[in-house]
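# Give the three-dimensional model of this entry:
(one chain, ligands or ions: 1)
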Amino acid sequence: MPSGETCKKSAIALKPLTYRKQIFSTIPRWLEGKRQDDEAEDLWRIYDNLYDLHGFINHHPGGKFWLQQTKGMDITEAFETHHIRAVPQALLDKYFVRKASKPRNYILTLEENGFYRTLKRRVGAQLDEMDYSPRRRTYLYHLALLAASVILSLISTRLDSMLVEALTGLLIVWQAVAAHNYFHQRDNWQMYSFNLTLMNFADWRISHALSHHIYTNSLYDLEMTLPEPYLCWIPSKEVATKTWRIISIFLQPVVYALLFFASFSQRVFRSIVNKNELYWHDIIGFSLPALMWLCSPLSAAEVLLKWCRIIMFASFIFSLISFNGAHHVSDNYHDGDALPSQLDWGLYQLTTITDRSDIKGNHFWALTHFGDHILHHFFPTLDHGMLSQLYPILQSTLEEVNGSEPRELSFVQHIIEQNKQLLRMEPNPRGHF
Ligand code: HEM
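Residues are numbered from 1 along each chain as shown. Sure, this is the predicted structure:
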């Protein structure tokens, strides 16, 4: 089990992390811990200002969820990255309460003329000239994948074929990754289809959108800490010994295959013994086996077994794509490595992401495999199909700052690198930028 000081103090924050004081990381513990660490006094903190957004929660165009969940927190980066236009900033004055009495807990910066906000201003100025037609194609891709997942699930009940089950799992994953495009945006029907994986989009809005996207590869990133102790990417012997790291390489396929079941059953368990963590829309996860049972001659037990195999295939494929998609290249920054000399939030992000070179420029593959990942982290609410239009602005802005290029590797190289990162115990002494 990870223990020791390097497991509790992130290099990008001033205070030790409250949520890491407990043995297992969970989403409710992360939320509670962040509230304690941020000390926003039951209000919302943006930069050094405190706002009372209680009256705005129900009117927020992005949906209630985001503000309900972040009450009492510092939401500076989430606020900056989720709005490209100037309207939300202009609205804020109305809700201003007072200046915060303490400095921010996070040391990454979002200076007005720094890299990220300069890039965002330039993208904002381009928004009206962008080609919005890829949004329609994204809509059709997701719909087609969803329909195909349902149809193939039904076909799998008529054919006794593992291959069909694996294909069904693959389609469920592709539609779920496409649904991920939608849960980053204002509430919509597509986000619910993510739940066919047995994971829940609302949980992912926290662990992925509010934690991973903002504090990438740091100890505040739940996508780094939830898979511990089975997969440990933090380069420290306090987090995992060499022997355990070697074992974890061989354990990976099992962890991948059980991820969906494990995340659901843990939530059920904690809901029974502690506080409810389930949502009404978790029921969507069971709509496929119910439909398979209703439309097939198989018994309930046979359908259940078949569906479990499909979910295991899906879980394996999803983990393979997501854990080997961008962040765990051994040269990427992971908490404990030397920080970049410039602490701009956007430049920090660039040290934690290596894009997939083999799917660049292809709308379908990028949508279903977390492609164009750097731009997705910078502008998560923009439709995934539109991101590739922003490369020229990204490149020219980056060139002005330090002349560097966004890094890219193929999928196979990502897999090799991710395994190297699992084994890496020594912090990298050289910070990018
Ligand atoms: C945790 C912080 C916040 C998050 C994660 C968040 C998220 C979002 C999302 C996902 C959207 C929809 C974007 C789309 O679908 O294109 C949105 C829209 C919007 N939000 Fe927020 N929001 C946050 C805080 C705020 C605050 C504090 C304000 C203002 C007081 C605000 C004002 C707006 C407005 C006016 C829009 C519609 C215009 C636009 O998209 O730029 N939001 N927000």
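# how about the residues of the chain that lie near the ligand?
For the chain, the residues in contact with the ligand (CB under 6 Å from any ligand atom) are 53, 56, 60-62, 66-67, 70, 75, 78-79, 82-83, 85, 87-88, 91-92, 95, 185-186, 381. For every residue, glycine as well, the C-beta is placed using N, CA and C.
# the residue most distant from the middle of this protein, which is it?
Within the chain, residue 297 marks the point farthest from the mean C-alpha position, 39.2 Å out by CA atoms, centre = their mean.
# Residue 401 is in what secondary structure piece?
helix 391-402 (DSSP states H and E).
# pLDDT on the helix or strand just after that helix, on average?
Per DSSP H and E, the first helix or strand lying C-terminal to helix 391-402 is strand 408-409. In this model, strand 408-409 has a mean pLDDT of 96.
# Run through the neighbouring helices and strands of strand 408-409.
strand 355-356 (3 or more CB pairs under 8 Å, 6 or more residues apart in numbering; DSSP states H and E).
# Can you name every helix or strand that the strand it packs on contacts?
Partner elements for strand 355-356 (3+ CB pairs under 8 Å, 6+ apart): helix 373-378, strand 408-409.
# winner for burial among these?
helix 373-378 (a mean of 23; mean count of other CB atoms under 10 Å).
# Report all helices and strands that it contacts.
Applying 3+ CB pairs under 8 Å, 6+ apart, one finds that helix 373-378 contacts helix 115-126, helix 345-352, strand 355-356, helix 391-402.
# Which parts of the last one count as buried, going by neighbours?
Judged by neighbour count (16 or more other CB atoms under 10 Å), helix 391-402 contains these buried residues: 393, 394, 397, 398, 401.
# what separates residue 422 from residue 183, distance-wise?
Relative to residue 183, residue 422 is positioned 28 Å away (CB to CB, to the nearest Å).
# again with residue 413
From residue 413 to residue 183 the distance is 29 Å (CB to CB).
# So which of these two has more stuff around it?
Neighbours per residue, other CB atoms under 10 Å: of residue 413 and residue 183, the larger number sits with residue 183, 22 against 16.
# doesn't residue 206 make contact with the more buried one?
No. Using CB atoms under 8 Å, residue 183 makes no contact with residue 206, being 10.8 Å away.
# so how far is stretch 410-427 off the chain centroid?
Centre-to-centre, stretch 410-427 and its host chain are 19 Å apart (CA atoms, centre = their mean, to the nearest Å).
# send the alpha carbons of it over as PDB?
The C-alpha trace of stretch 410-427 is given here as PDB (Å, rounded to 0.1, in the frame of the first residue of the first chain):
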ATOM      1  CA  SER A 410       2.600   5.700 -31.700                       C
ATOM      2  CA  PHE A 411       0.300   3.400 -29.700                       C
ATOM      3  CA  VAL A 412       3.000   0.700 -29.500                       C
ATOM      4  CA  GLN A 413       5.500   3.200 -28.300                       C
ATOM      5  CA  HIS A 414       3.000   4.400 -25.700                       C
ATOM      6  CA  ILE A 415       2.500   0.800 -24.400                       C
ATOM      7  CA  ILE A 416       6.300   0.300 -24.100                       C
ATOM      8  CA  GLU A 417       6.700   3.600 -22.400                       C
ATOM      9  CA  GLN A 418       3.800   3.100 -20.000                       C
ATOM     10  CA  ASN A 419       5.400  -0.200 -18.800                       C
ATOM     11  CA  LYS A 420       8.800   1.600 -18.400                       C
ATOM     12  CA  GLN A 421       7.000   4.200 -16.300                       C
ATOM     13  CA  LEU A 422       5.500   1.500 -14.100                       C
ATOM     14  CA  LEU A 423       9.000   0.300 -13.400                       C
ATOM     15  CA  ARG A 424      10.600   3.800 -13.000                       C
ATOM     16  CA  MET A 425      11.400   4.500  -9.400                       C
ATOM     17  CA  GLU A 426      13.800   7.400  -9.700                       C
ATOM     18  CA  PRO A 427      12.300  10.900 -10.200                       C
END
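# on that earlier part again, now the residue farthest from the centre of the chain: how far from residue 154?
Taking CB to CB, one finds residue 297 at 12 Å from residue 154.
# repeat for residue 266
Plainly put, residue 266 is 30 Å away from residue 154 if you go by CB to CB.
# Contacts for stretch 58-67, please.
44, 53, 56-57, 78, 82, 185-187, 202, 205, 210, 381 (CB atoms under 8 Å, 6 or more residues apart in numbering).
# Go through that stretch and flag the buried ones.
60, 63, 65, 66, 67.
# Start and end of it, how far apart?
End-to-end distance for stretch 58-67: 9 Å, by CA to CA, to the nearest Å.
# What of stretch 337-344?
Note: stretch 337-344 ends 16 Å apart using CA to CA.
# quick one: it to chain centroid distance?
22 Å.
# quick one: contacts of stretch 303-312?
Residues from elsewhere that reach stretch 303-312 (CB under 8 Å, 6+ apart): 153, 156-157, 162, 165, 168-169, 172, 197-198, 257-258, 260-261, 288-289, 292-293, 296, 298.
# Which members of those are positioned in helices?
Residues of those located in helices (DSSP state H): 153, 156-157, 162, 165, 168-169, 172, 257-258, 260-261, 288-289, 292-293.
# Tell me who's in contact with the residue in the stretch 251-400 of the chain that the ligand sits nearest to.
With CB to the nearest ligand atom as the measure, residue 381 is the residue of the stretch 251-400 of the chain nearest to the ligand, at 4.0 Å. Listed by CB under 8 Å, 6+ apart, the contact partners of residue 381 are 62, 82, 83, 84, 184, 185.
# do that again at 6 Å, thanks
By CB atoms under 6 Å, 6 or more residues apart in numbering, the contact set of residue 381 is 82, 184, 185.
# for residue 188, same thing?
residue 182.
# That one belongs to a strand, doesn't it?
No. Checked against DSSP: H, G, I helix; E, B strand; the rest coil, residue 188 lies outside a strand; its state is coil.
# So what are the structural domains in the protein, by residue number?
Domains of the chain are assigned by the TED database as 6-127, 128-432.
# sorry, back to before: are we agreed that the residue of the stretch 251-400 of the chain closest to the ligand is in a strand?
No. Under three-state DSSP, residue 381 sits outside any strand and is assigned coil.
# returning to that earlier point: could you identify the buried members of the residues of the chain next to the ligand?
The buried subset of the residues of the chain next to the ligand (16+ other CB under 10 Å) comprises 53, 56, 60, 66-67, 70, 75, 78-79, 82-83, 88, 95, 185.
# Lowest-confidence one in those residues?
For those, the least confident entry is residue 88, with 93.
# That one belongs to a strand, doesn't it?
No. Secondary structure of residue 88 (three-state DSSP): helix, not part of a strand.
# Residue numbering should commence at 53 henceforth.
Got it, the first residue is 53 from now on, which makes the last one we talked about residue 140.
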